Every structure is written in structure tokens, then in C-alpha cells.
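**Student:** 3D, please:
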Amino acid sequence: MIGGLLPLAVVVAISPTTITVVILMLLSGRRALISVVFAVGYMVGIVIDTLLWLLLGKGAGLSSSSSSGTVAWLQLVVGVLLILFGVVSLAVQLTTLLK
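**Tutor:** Below you'll find the predicted structure:
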């Protein structure tokens, strides 16, 4: 699971668009607010993009139902836990930054 997502994460991390936005955020006056808005917007965009491609793949008959339901639920739970961990980490960092 992680091995399949790692190349995508590297591409997103070194994307010129992401780097440009981060530099502009660092140069702005309200870094904390702008960075939270960027992170939320970026995650919403990735979720919408992923759902769109998932629906297009199912419509084209490219989905495979060979994996078990248990594995799918396990992946979903791990994903939700990782998202919660990220949100909690961000909240802790923001509270320490604003003090």
C-alpha cells in the first residue's frame, strides 16, 4: 500500500506548483492562516481528483474485485487514522506557533 503511494507522494512534494505556493506562503504576512487554507484546499482537491478518477475507472470497467473486503476496510481504517494523526500534528504545531 505505502509502496504504491510513495512515488505519487514524491511527485507531489517536488511539484513546481507546490514549491511556488510554499515560497509565496513564507513571504506573506499571515503565514499560519494561509498555510491552513492551502493545506485544506490541497487535500480537498486531491480527494476530488481521486474520486473522479475512481469513478471514471469503474465506468470504463477497469476496477478489479479480486481483493477481499477485509483488506479494503483495513486500508480505509489505516488511511483515516493517518489523516487524523496529520490533523492532530498540525493542530499541535499551530498552537505552539501561535503562543
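**Student:** Check the gap between L84 and T96 for me.
**Tutor:** From L84 over to T96 the distance is 19 Å, taken as C-beta to C-beta, to the nearest Å. C-beta: built from backbone N, CA, C; applies to glycine.
**Student:** again, but for L54
**Tutor:** 37 Å.
**Student:** Show me which of those two is the more surrounded one.
**Tutor:** Higher neighbour count among L54 and T96: L54, with 12 against 8, using other C-beta atoms under 10 Å.
**Student:** Give me the pLDDT for that one.
**Tutor:** Listed pLDDT for L54 reads 78.
**Student:** what packs against the helix or strand hosting it?
**Tutor:** Here L54 sits within helix 31-59, counting by DSSP states H and E. For helix 31-59, the helices and strands in contact under the criterion 3 or more C-beta pairs under 8 Å, 6 or more residues apart in numbering; DSSP states H and E are helix 16-27, helix 69-98.
**Student:** Please repeat the previous calculation with a cut-off of 6 Å.
**Tutor:** Packing contacts for helix 31-59, counted by 3 or more C-beta pairs under 6 Å, 6 or more residues apart in numbering; DSSP states H and E, involve helix 16-27.
**Student:** in the helix it packs on, what's buried?
**Tutor:** Using 16 or more other C-beta atoms under 10 Å as the test for burial, helix 16-27 gives 21, 25.
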